[in-house]
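S.K.: the sequence and its predicted three-dimensional model are supplied below.
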Amino acid sequence: MGRGDGNLEAMRPVLSFLFGKPLASWEDREEKVGTPKGIGIFGLDALSSAAYGPEAALTILLPLGAIGVAYITPITLAIVILLGIVYFSYRQTIAAYPHGGGSYTVAHENLGVFAGLLAAAALMIDYVLNVAVGISAGVGALVSAAPGLQPHTLAICLGILAILTLVNLRGTREAGNIFLAPTWLFIACICGAIVWGGVQIVLHGGHPRPVSPPPVPPRATVALSVWLLLKAFASGCTAMTGVEAVSNGVQAFRDDAVKTARATLTVIIAILMFMLIGIAWLCQAYGIAATVPGGPGYQSVLSQLTLAVAGRGVFYYVSIGSILAVLSLSANTSFADFPRVCHAVAVNRYLPYGFTMRGRRLVYSKGIYTLSVLAALLLVVFGGVTDRLIPLFAVGAFLAFTLSQAGMVAHWRKQKDAPWWNQTINGIGATATGITLAIVIAAKFKEGAWMTLIAIPGLVAMMMTVGRHYRDIRNEIADSTPLAMDSLKPPLALVPIDDWNMVSEKALRFAMSITPDVQALHIETGETSASLKARWKDLAEQPALASGRPAPKLVALSSPYRLVVTPILRYARQQQQENPDRKIAVVIAELRERHWYHFFLHNQRGEALTAMLMLSGDRKIVVINVPWYVDC
């Protein structure tokens, strides 16, 4: 067993504990999920948005005081109608693209490369923001119940992000198992509170008495205007984020994937509609307004609502715990879909190809790591406060919605036998989301949406640059000719040797096995009296000649300034110029330590020489590393 294998064996128990045992490619089928787990994996983003979507709208209405609460119901009804339109549109998308019809795939195939990359950029930014917003909203719910934790908001956010990253690296099915219970507990608590509160509203003729009165809304400071209502609608539309997640991950569902994905989407949308309408109804009936996010005395809308309905008892703490869990875990939707979008883009060579590779648990690990790092940066920059992140949020989602539905219209036009209503449904969806996108951009531009509008084109430009690079490489190395058999001369081998030992002997023997023309390069600095020259004849020349092989030549390179890498690099280039019809093979002996901490006890000139030769970019110089693994 090699040294690397030994180290790997020692690490396997730790890796298995953290990430689970490795899964073979053929085990992919066992990782697929049904509707209950699918809701936990792909529905958390959409469902949890009920916790911050209405609150975002109510926060915009704060300057209207108590009067502003009355407008949350019509604003929510408008959002629910739009949500229904998008739902029917995405049912079409799932059926038309059973291999994963996310916005990128639909736009790329039907509207062209640029539209596809625009949709991909919008989705990726939206998913990163979803992680940051979901976690910060969850921690906001925790801070509502335990105000003493407010100074530690950012640290808690980053801790939850680290846990989510680790969970998702363990695989899709395991993530579904972990998120199943919190998801349904959240649904039960919110829907239970709505039903409980609704009964009280009916019993008290529309004027229920709150068990724990909510904070009194501030006095009105502005007059009602259409612009203010549009801004509230734009903020409330964050409740629609995550609706596209199921269409991106159709292949994660078990057979029949299309039927299961559609059923999952239907359940998610039905529950979300009920929660949005119920929350708006209870807020208006109980007079619940938003409080200033991140400020003293902040209390989330759902916290106020649960207190008003049930008081500060067991139900309240269970509800707040489920809200915290689901809001924090809602980022899982991004962890499920962001890597899939990156994979789809990377397959078309617009992102590094490493995004297409699956890790030990059959998940796209590089996408997960990238998402985690970007979300952490956002949380740090914005201090983990939800309200600071919300203005950036909805632009990417609605841009992706619009491009996806416009792409579906083009898709149905290509299908001559497709029913007319398919195109009509997606056309209405594209129009509705396009108008909403314009409202969101206009309403949120000064509050931070401008950053998203800069980031999306910047990301598109980066992806197009990556695509151009891959095309240039493909054109440069393309070859359809048969194997060329000319100019197959043995290379000239250069073997840097510091001293005669088993490490250098191994490298020299390897060089002599591939070519008769071997030169050993020895650096002479003038600082030592011992010289390899005096012993070279006995150590190398005579044994080689006695076996009938050409003797390796010793070349002494003078280096009075004690440089080692530079003279060898210079000599290799010189030999390449003097032998233009031959390859120059630089055979580098390397000592490989058994333990990582021994690395610092030895010089690393071999790695430095390898790096310098690689950076030189000379196609006629070949680098061959010959390792010697030490036992001590």
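M.R.: Sure, I can see it.
S.K.: following the host helix or strand of Val267, which helix or strand shows up next?
M.R.: In this structure, Val267 sits in helix 257-286 according to DSSP states H and E. Going down the chain from helix 257-286, the next helix or strand is helix 301-310, by DSSP H and E.
S.K.: which strands and helices lie in contact with that following helix?
M.R.: Counting contacts by 3 or more C-beta pairs under 8 Å, 6 or more residues apart in numbering; DSSP states H and E, helix 301-310 is packed against helix 44-60, helix 113-145, helix 172-203, helix 257-286, helix 314-329. Just so you know, the C-beta spots here come from the backbone N, C-alpha and C atoms, and that holds for glycine as well.
S.K.: now do the next helix or strand after the last one against helix 172-203, angle only.
M.R.: This points to helix 314-329. Going down the chain from helix 314-329, the next helix or strand is helix 331-347, by DSSP H and E. Interaxial angle of helix 331-347 relative to helix 172-203 (axes from the mean of the first three to the mean of the last three C-alpha atoms, to 10 degrees): 130 degrees.
S.K.: list the buried residues for helix 331-347?
M.R.: Neighbour-count burial for helix 331-347, counted by 16 or more other C-beta atoms under 10 Å, picks out 331-346.
S.K.: kindly report the same for stretch 193-203.
M.R.: So for stretch 193-203, counting by 16+ other C-beta under 10 Å, buried means Ala193, Ile194, Gly197, Gly198, Gln200, Ile201.
S.K.: show me what the helix holding Val267 is packed against.
M.R.: Where contact means 3+ C-beta pairs under 8 Å, 6+ apart, helix 257-286 is packed against helix 35-42, helix 44-60, helix 72-96, helix 172-203, helix 245-248, helix 301-310.
S.K.: can I get those in TSV with mean pLDDT and distance to Leu272?
M.R.: Below are the helices and strands packed on helix 257-286 laid out as TSV (pLDDT from 0 to 100; distance: least, C-beta to C-beta, whole Å):
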stretch	mean pLDDT	distance to Leu272
helix 35-42	79	11
helix 44-60	82	5
helix 72-96	87	7
helix 172-203	82	10
helix 245-248	79	12
helix 301-310	89	14
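S.K.: same list (the ones you listed) but as TSV, adding distance to Leu492.
M.R.: Listed next are those as TSV, based on distance: least, C-beta to C-beta, whole Å:
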stretch	distance to Leu492
helix 35-42	58
helix 44-60	61
helix 72-96	60
helix 172-203	53
helix 245-248	54
helix 301-310	75
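S.K.: how about the ones you listed, which one is nearest Ile477?
M.R.: helix 245-248 (32.8 Å; C-beta to C-beta).
S.K.: mind saving the C-alpha coords of the closest one as CSV?
M.R.: C-alpha atoms of helix 245-248 as CSV (Å, rounded to 0.1, in the frame of the first residue of the first chain):
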residue,chain,number,x,y,z
ALA,A,245,-37.0,25.0,-7.9
VAL,A,246,-39.1,21.9,-8.7
SER,A,247,-38.7,22.4,-12.4
ASN,A,248,-34.9,22.6,-12.0
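S.K.: going forward can the numbers begin at 35, since that is how I track them
M.R.: Will do, 35 is the new start, and the previous item becomes helix 279-282.
S.K.: that helix packs against which elements?
M.R.: helix 69-76, helix 106-130, helix 291-320, helix 365-381.
S.K.: how about those in TSV, adding distance to Ala273?
M.R.: Listed next are those as TSV, based on distance: least, C-beta to C-beta, whole Å:
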stretch	distance to Ala273
helix 69-76	16
helix 106-130	6
helix 291-320	6
helix 365-381	14
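S.K.: in three-state terms, label Thr515 for me.
M.R.: coil (DSSP: H, G, I helix; E, B strand; the rest coil).
S.K.: confidence score at it?
M.R.: Thr515 carries a pLDDT score of 84 in this model.
S.K.: returning to that earlier point: specify which member of the buried residues of stretch 227-237 is nearest to Val443.
M.R.: For the buried residues of stretch 227-237, the nearest to Val443 is Ile228 (36.4 Å; C-beta to C-beta).
S.K.: now do the contacts for the nearest residue to that closest one once chain neighbours are set aside.
M.R.: Computed as C-beta to C-beta, 6 or more residues apart in numbering, the closest residue to Ile228 that is not its neighbour in sequence is Gly312, at 3.3 Å. Counting by C-beta atoms under 8 Å, 6 or more residues apart in numbering, Gly312 touches Ile224, Cys225, Ile228, Val229, Gly231, Gly232.
S.K.: correct me if wrong: the last one contacts Leu316.
M.R.: What that stands for is Gly232. Yes: the pair Gly232 / Leu316 is scored as a contact, 7.4 Å apart, by C-beta atoms under 8 Å.
S.K.: including distance to Tyr131, could the buried residues of stretch 227-237 go into a markdown table?
M.R.: Output for the buried residues of stretch 227-237, formatted as a markdown table (distance: C-beta to C-beta, whole Å):
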| residue | distance to Tyr131 |
| --- | --- |
| Ala227 | 37 |
| Ile228 | 35 |
| Gly231 | 40 |
| Gly232 | 39 |
| Gln234 | 45 |
| Ile235 | 43 |
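S.K.: Ser547: neighbour count?
M.R.: Close neighbours of Ser547, defined as other C-beta atoms under 10 Å, add up to 10.
S.K.: picking up where we left off before, buried deepest among the helices and strands packed on helix 279-282, which one?
M.R.: helix 365-381 (a mean of 26; mean count of other C-beta atoms under 10 Å).
S.K.: mind giving me the packing neighbours of that helix?
M.R.: helix 69-76, helix 78-94, helix 137-145, helix 147-179, helix 187-203, helix 206-237, helix 279-282, helix 399-416.
S.K.: nearest to Lys293, out of these?
M.R.: Between the helices and strands packed on helix 365-381, helix 69-76 lies closest to Lys293; by C-beta to C-beta that is 9.7 Å.
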